[in-house]
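1. structure for the following, please:
(one chain, ligands or ions: 1)
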Amino acid sequence: MPLSRRTFVSALGLGGIGLMSPSPLGGRGSEARWASWTAAPGAKADAKAGATTAALIRLDSNENPNGPGGRAFEALRAMLGESNRYPDAAEVILVEAIARAHGVRAENIVLGAGSGEILRMCVEAFTSTSRHLVSASPTFEPPEVFARLLGRPVVTVPVDGALRLDLDGMAAQSVGGGLVFFCNPNNPTATVHGELAVKAFVARIRRASPETVILIDEAYHEYVDDRTYATAIPMATTDPRVVVSRTFSKVFGMAGLRVGYAIAHADTARTLQAYRISSGTSVLALATAATTISDQAHIADEQRKNREAKAFTRTFFERAGYTVGPSETNFLMIDLRRDPMPVRVACRAHGIAVGRPFPPLDRWLRVSIGTMDEMRQATEVFRTVLG
Ligand SMILES: Cc1ncc(COP(=O)(O)O)c(C=O)c1O
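-> Take a look at the predicted model:
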């Protein structure tokens, strides 16, 4: 049966038939699945670190341990029968759902296979051999990696002593630049800048370097509790040189399905579309995303679970005498006051995967927040490993 808009909508349950069933991916369930997939010969190097993959608790990639939620799974299953079709209609439906969710127009939205694709598109579109990228150190690295791969110059500005992006330094470096990558909240430092600071930053760059595009990565938007923070989406739809990127990989629990998007002025969105790999996202991912974006109960539930498990983990480290950075995300940065690498290796040997090193922060460990049960197990391991 061809995929008409109507059959697609009813397959998704967007007509109000969405089923609320418990997620088949519980925290431990997802690990078990992952373990069985990666148990194939040669699939993983975990054995080197002494851990069996079956027991691995993954606190290394800022994923959502709970998965996409019951309604999303229903949508995914319902779309399996459309797997033989190209995703054009499904893209239209998701774009409409995103536009509704943010109160913007479909022409403001560009889809990507994860927001990583959006970051790549922005680097390709807006930097050149004569127009550099401004990024931070440390921040989410792919924009810098893409730029270097393409032979585009890169300037990085270190975070300050409070693990915050140095917005003054980044604005100063933007002059003549093609693109400024502003990760808010920032990964891996977990800090956020409030609405006024973001507006002042954009205004300063606008004055100093009117042609420079500012890419504001809001991957962790839903985890922010800081009341001074607000999304930059209203700025992105009106200013052709501001782009906001969002992802379904974090609070929506779809990191393996690969969907993200940009919100931008219609002209800027058109420019970006040219750099997109067409039909790059599967119907399954698109259908799941279209359902989960409006599932407010699921979002609230994930926010609450993250808040509770994060508070538990913070308390553990602080009681153990460590400084924990502020966090407006689903991960924590902990000042171990020593090289985190041996700690990381020892944790892995006990079945806990934690974040890799993030130079120049050579004493800090990044720990993603898992389920409460996972964090209870992990903190027992941290207690042993940290002595
Ligand atoms: C700040 C930030 N942006 C983007 C991404 C990429 O997300 P996606 O899975 O949408 O490509 C991540 C992933 O960890 C991230 O931390």
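2. mind checking pLDDT for residue 304?
-> pLDDT for residue 304: 98.
3. and what of residue 55?
-> For residue 55, the model assigns a pLDDT of 76.
4. that one - nearest residue in space that isn't next to it in sequence?
-> Leaving aside its sequence neighbours, residue 55 sits nearest to residue 351 (C-beta to C-beta, 6 or more residues apart in numbering; 4.0 Å). To be clear about C-beta, it is placed using only N, CA and C from the backbone, and glycine gets the same treatment.
5. distance of that neighbour from residue 377?
-> 8 Å (C-beta to C-beta, to the nearest Å).
6. quick one, which of the two is more surrounded?
-> residue 351 (21 against 18; other C-beta atoms under 10 Å).
7. surely that one meets residue 380?
-> No - with contact defined as C-beta atoms under 8 Å, residue 351 does not count as touching residue 380 (10.9 Å).
8. re the thing from before, so what's in contact with residue 351 and residue 377 at the same time?
-> Listed contacts common to residue 351 and residue 377 are residue 57; contacts here mean C-beta atoms under 8 Å, 6 or more residues apart in numbering.
9. strands along the protein, start to end?
-> 57-59, 109-112, 133-137, 154-158, 179-183, 213-217, 242-247, 260-263, 323-324, 331-335, 352-354, 364-368 (DSSP state E).
10. can you add distance to residue 317 and give those strands back as JSON lines?
-> Supplementary listing: the strands of the chain in JSON lines, determined by distance: least, C-beta to C-beta, whole Å:
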{"stretch": "strand 57-59", "distance to residue 317": "13"}
{"stretch": "strand 109-112", "distance to residue 317": "35"}
{"stretch": "strand 133-137", "distance to residue 317": "24"}
{"stretch": "strand 154-158", "distance to residue 317": "24"}
{"stretch": "strand 179-183", "distance to residue 317": "23"}
{"stretch": "strand 213-217", "distance to residue 317": "26"}
{"stretch": "strand 242-247", "distance to residue 317": "27"}
{"stretch": "strand 260-263", "distance to residue 317": "31"}
{"stretch": "strand 323-324", "distance to residue 317": "5"}
{"stretch": "strand 331-335", "distance to residue 317": "5"}
{"stretch": "strand 352-354", "distance to residue 317": "12"}
{"stretch": "strand 364-368", "distance to residue 317": "8"}
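11. these into a markdown table, with extra columns for mean neighbour count and distance to residue 313?
-> Converted to a markdown table, the strands of the chain look like this (neighbours: other C-beta atoms under 10 Å; distance: least, C-beta to C-beta, whole Å):
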| stretch | mean neighbour count | distance to residue 313 |
| --- | --- | --- |
| strand 57-59 | 23 | 9 |
| strand 109-112 | 25 | 31 |
| strand 133-137 | 25 | 25 |
| strand 154-158 | 18 | 26 |
| strand 179-183 | 28 | 22 |
| strand 213-217 | 26 | 24 |
| strand 242-247 | 27 | 23 |
| strand 260-263 | 27 | 27 |
| strand 323-324 | 16 | 8 |
| strand 331-335 | 23 | 6 |
| strand 352-354 | 24 | 11 |
| strand 364-368 | 26 | 7 |
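12. now distance to the ligand too, for those strands, in a markdown table please.
-> Shown next, in a markdown table, are the strands of the chain (distance: least, C-beta to the nearest ligand atom, whole Å):
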| stretch | distance to the ligand |
| --- | --- |
| strand 57-59 | 13 |
| strand 109-112 | 7 |
| strand 133-137 | 11 |
| strand 154-158 | 15 |
| strand 179-183 | 5 |
| strand 213-217 | 5 |
| strand 242-247 | 3 |
| strand 260-263 | 4 |
| strand 323-324 | 19 |
| strand 331-335 | 9 |
| strand 352-354 | 14 |
| strand 364-368 | 9 |
